[in-house]
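**Student:** quick one, structure for this:
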Amino acid sequence: MNNTNMVQLGEYIQIISPIIYGGALIVSILQFSAMKKNMSNQSVQQAFASTTQLLFNNINSKEYLQMSQESPVVSKYYSLVDNPQQYYTIIQSFDMLEFIFRLYKTKMIDAELWSRWEATAKSMMTIPKFKRVWDNTKDSRSHEFRQLIDSFPSDVQKDRIKFIHLAVKPE
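**Tutor:** Numbers count the residues shown, from 1 in each chain. Alright, predicted model coming up:
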C-alpha cells in the first residue's frame, strides 16, 4: 500500500468513526429508554399487586366484614351472593382479569397467553353469582373491559351451540 492510500484510509476512518460512534450512541439511548420503560411498567405492576393484596387482606378481615355489613350500600352487594367472602372473591377475580386484560392491551403479555385468561373469563361469566355481581358492579370498571366482559354471553352461547353440534353428530 502506498502512502497516498494510507492517507485516504486515515481520512475515511476519521469520517466514518464519528458516524459509527454516533450510531452506537443512538442505539444505546434507545435501549436505555426501552429499559427504563420496562422498569417503570414492572414497578407499576408490582405496586398494583402489593396494593391489591393489602386491600384484599384488609377487606377480608373479620373486623372489616363486620363493619361493612352496617352499610346499606355494601349490604346490597353482599345480598347478591351467599356471604361477603364470596362477594370479595368474585370482585378480586374481576380485578385480576381486568389487570391481565390491561397487560394484554399494553402488549405486556402476548395473545396466546391472553386467550387462556379470556377463556377463564368466559367460563366465569357462566356462573350465576359472577354474572349477578358483574351486572351490579361493572360501572366501576374501564369501558374497554366492560365491553369485553359484556360481549361474552353471546360468545358463550355460540360455544355451547358448537359443543352441542360436535356432541350430536347426525348419522
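**Student:** next, the contact list for residue 150, please.
**Tutor:** By C-beta atoms under 8 Å, 6 or more residues apart in numbering, the contact list for residue 150 reads residue 138. Where you see a C-beta, it was placed from the backbone N, CA and C, and this is true even at glycine.
**Student:** let's see it at 7 Å
**Tutor:** Not one residue lies near residue 150 by C-beta atoms under 7 Å, 6 or more residues apart in numbering.
**Student:** residue numbering should commence at 54 henceforth.
**Tutor:** OK, 54 is where the count begins now, so the last one is residue 203.
**Student:** okay, it and residue 188: tell me how far apart.
**Tutor:** The spacing between residue 203 and residue 188, counted by C-beta to C-beta, to the nearest Å, is 9 Å.
**Student:** cool, residue 126 as well?
**Tutor:** Per C-beta to C-beta, residue 126 is found 16 Å from residue 188.
**Student:** of those two, who's got more company?
**Tutor:** residue 188 (11 against 7; other C-beta atoms under 10 Å).
**Student:** quick one, what contacts the more buried one?
**Tutor:** So residue 188 contacts nothing (C-beta under 7 Å, 6+ apart).
**Student:** may I have the helix or strand hosting it exported as PDB, CA atoms only?
**Tutor:** Per DSSP states H and E, residue 188 falls inside helix 181-190. The C-alpha trace of helix 181-190 is given here as PDB (Å, rounded to 0.1, in the frame of the first residue of the first chain):
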ATOM      1  CA  PRO A 181     -74.800 -17.100  38.100                       C
ATOM      2  CA  LYS A 182     -73.200 -15.400  41.100                       C
ATOM      3  CA  PHE A 183     -70.400 -13.900  39.000                       C
ATOM      4  CA  LYS A 184     -72.900 -12.700  36.400                       C
ATOM      5  CA  ARG A 185     -75.100 -11.100  39.200                       C
ATOM      6  CA  VAL A 186     -72.100  -9.300  40.800                       C
ATOM      7  CA  TRP A 187     -70.800  -8.200  37.400                       C
ATOM      8  CA  ASP A 188     -74.200  -6.700  36.400                       C
ATOM      9  CA  ASN A 189     -74.300  -4.700  39.600                       C
ATOM     10  CA  THR A 190     -70.700  -3.500  39.700                       C
END
